Structure formats: structure tokens, C-alpha cells
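# Below: sequence and its predicted model.
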Amino acid sequence: MSSLMKGYPFTKGKHKLKYPVYVEVKIDEIRADVVCAVGAPVKIISYAGKPLHNLERFLYPLGQFMCNHNVGRIDCGVIVNGSFNDTYRWVRSKNGPPADLKGAYITFILFDLPDLTDMPYWQRIVHRNRAASLLRDYGVPTVTPERFEVSNEEEVYTHYEAARARGFEGLMVKTRDHLYEAGKRTYGWLKVKPEEDADALITGITEAVSEDGVPLGRVGSLQGVCEDGSTVSIPGIDHTTGGLWLTDPSLIVGSWVEFQYMEIDRAGGFRHPRFNRIREDKA
């Protein structure tokens, strides 16, 4: 299991905020933990502690940077072609990059430097920006999240709406003075995302049928089990993807997905669930 830090939903932690705070644009990427232990090769693993594939060409320059600058861990994201779906396929393909993605461009998004445990975030930002610049010098294409300082909740939502309008997933709200707490969930990071969302492990598929009961040759809904043991049927799969999954259910069964819903009803079910995306595996 990775020892990266995670945050809470904004709606759960916003009452704890003391402004001003930072908001950072959240790209829909795969979270990555880059680890450089003494006497061991550099590893790039997911939050669940699983290897991320097809990033081998970056191991040497990452190792050079981390050894030369005494950096033991990098908390970052990986994005391929600016697309979560391309990223997911790239890092999950064990037999080399998917044929249609050869030549894809890969970007690392530097979130934080977990080694700086006693340094408040407003100071870590300076080191993070310098590290991103140095990583580019070493040949690792690296950016930092777009960041703004805001003074109240209204400004948070103003930036959130602007980020969504530009096609981004949402925002991360980060307090100026929080410390990096490895392996913990913290109110120093708050996620601003659309509606409510939850994760489910997909256990089966259901084929779509017409109003007359005629099979349509594609997946109409996914059957899943949530982390609390509740079950959910998730519609909202586009026709092309649904056709691929019906032909080869192994592409989705056994994977974790994120779905959105309006609220939880009195019986504990999810109202109006809808597929959002495949997400990285959980430990």
C-alpha cells in the first residue's frame, strides 16, 4: 500500500477552513508514488501499491534527480495524451504500450514532496516548483497544478465552475499551513468535485435491451460492490465502450469504477447512479 496522503470531500471539511487557502486545478490523472530507497531501484507505483507499467524510460532520470537532490519520495500524477482513459490503458498494459498509443506524450504532475514532513505547505510549494523545473532538466516532463489563492467559499466555487468549464475534473483546496502526513487522510486537502461520488468493484455486467426486450449487443449496466458492502447497478456506459465490454467482460469485471449519484435513499441505495470512469485499483 502506498503511503501517500489523501483528502476529504470539500462539503465534509469546508467548515474547518481558515482563509486564505489555495485552490489547485484537478486534472483527471492516475496518482503515482515514486519511491527511491537507498540500495533499491526506483519504483513508480499506484496509490494501491501496484506497479504502473510502461514508464520505464523515466526511471533512470527520476533516479538521478532523486539521488542527486536527496529526494526519497515524489507524490505526483501521470497523464497520457491529456486523457484519463489513455492513461489507464497505458499504465495497466503489462505487455508494452497499447499499439494505438505508441508515440503518446506523457506528463508528470508534481503534487508534493512527502519527505518535507515538518514544512508547511506554503513553503513546500517553493521546493515543489524548483523540483519540477529540475525534473524537466533531467528529461522528465513535469508540471505543477495551476494554483490560486482565495479568501472565501464563494471564490472557491467560482474557480471550481471555471475549472469545470475548461474540462477539468474539479479542484483541490489546500490549506496554507498543513503538513504532509504520509498514509493519512487530512482536512488540509479537500476535493471539490461534481455531485456525490463513490467507488465500486465491478462483479458483473448486464446487456442492454430495447423496449421490446431485444438484446442490443452492448453493456447496459455494471453490477458492483461498494466499499461498505452495499451493491449497486450502474448505467451510463457509452455505446462503443459497452460493446467492447460485452465482447470481453474481463476488460471491466474486477476493476474499480467511480460512479456519481444524487443521494442515498432511505433503504441505503444510490439514487440515479451513473458511470463516471474506471479508476485506479484499491489495495
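Okay, I see it. Because the structure is a prediction, the values reported are computed rather than measured.

# drop to CA atoms for contacts and neighbour counts, all remaining ones
Fine.

# Would you indicate which residues of the host helix or strand of Val34 are buried?
Counting by DSSP states H and E, the element that carries Val34 is strand 30-35. Residues of strand 30-35 classed as buried: Ile30, Arg31, Ala32, Asp33, Val34, Val35 (neighbour count, 16 or more other Cα atoms under 10 Å).

# Now the host helix or strand of Leu135: buried residues?
Here Leu135, judged by DSSP H and E, is contained in helix 121-137. Residues of helix 121-137 classed as buried: Tyr121, Trp122, Arg124, Ile125, Arg128, Asn129, Ala131, Ala132, Ser133, Leu135 (neighbour count, 16+ other Cα under 10 Å).

# One more: stretch 246-261?
So, applying 16+ other Cα under 10 Å, buried residues of stretch 246-261: Leu246, Pro249, Ile252, Val253, Ser255, Trp256, Val257, Glu258, Phe259, Gln260, Tyr261.

# Next, the contact list for the third one, please.
With contact set as Cα atoms under 8 Å, 6 or more residues apart in numbering, Ile252 has these partners: Ile202, Trp245.

# From Pro51, how far out is it?
19 Å (Cα to Cα, to the nearest Å).

# repeat for the last one
When Cα to Cα is the yardstick, Tyr261 and Pro51 sit 31 Å from each other.

# re the thing from before, report the rounded mean pLDDT for the helix holding Leu135.
When pLDDT is averaged along helix 121-137, the result is 98.

# just checking, what packs against it?
helix 59-68, strand 106-112, strand 142-143 (3 or more Cα pairs under 8 Å, 6 or more residues apart in numbering; DSSP states H and E).

# May I see those organised as CSV, with mean pLDDT, mean neighbour count and distance to Asp238 added?
Output for the helices and strands packed on helix 121-137, formatted as CSV (pLDDT from 0 to 100; neighbours: other Cα atoms under 10 Å; distance: least, Cα to Cα, whole Å):
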stretch, mean pLDDT, mean neighbour count, distance to Asp238
helix 59-68, 97, 17, 36
strand 106-112, 98, 20, 26
strand 142-143, 98, 20, 31
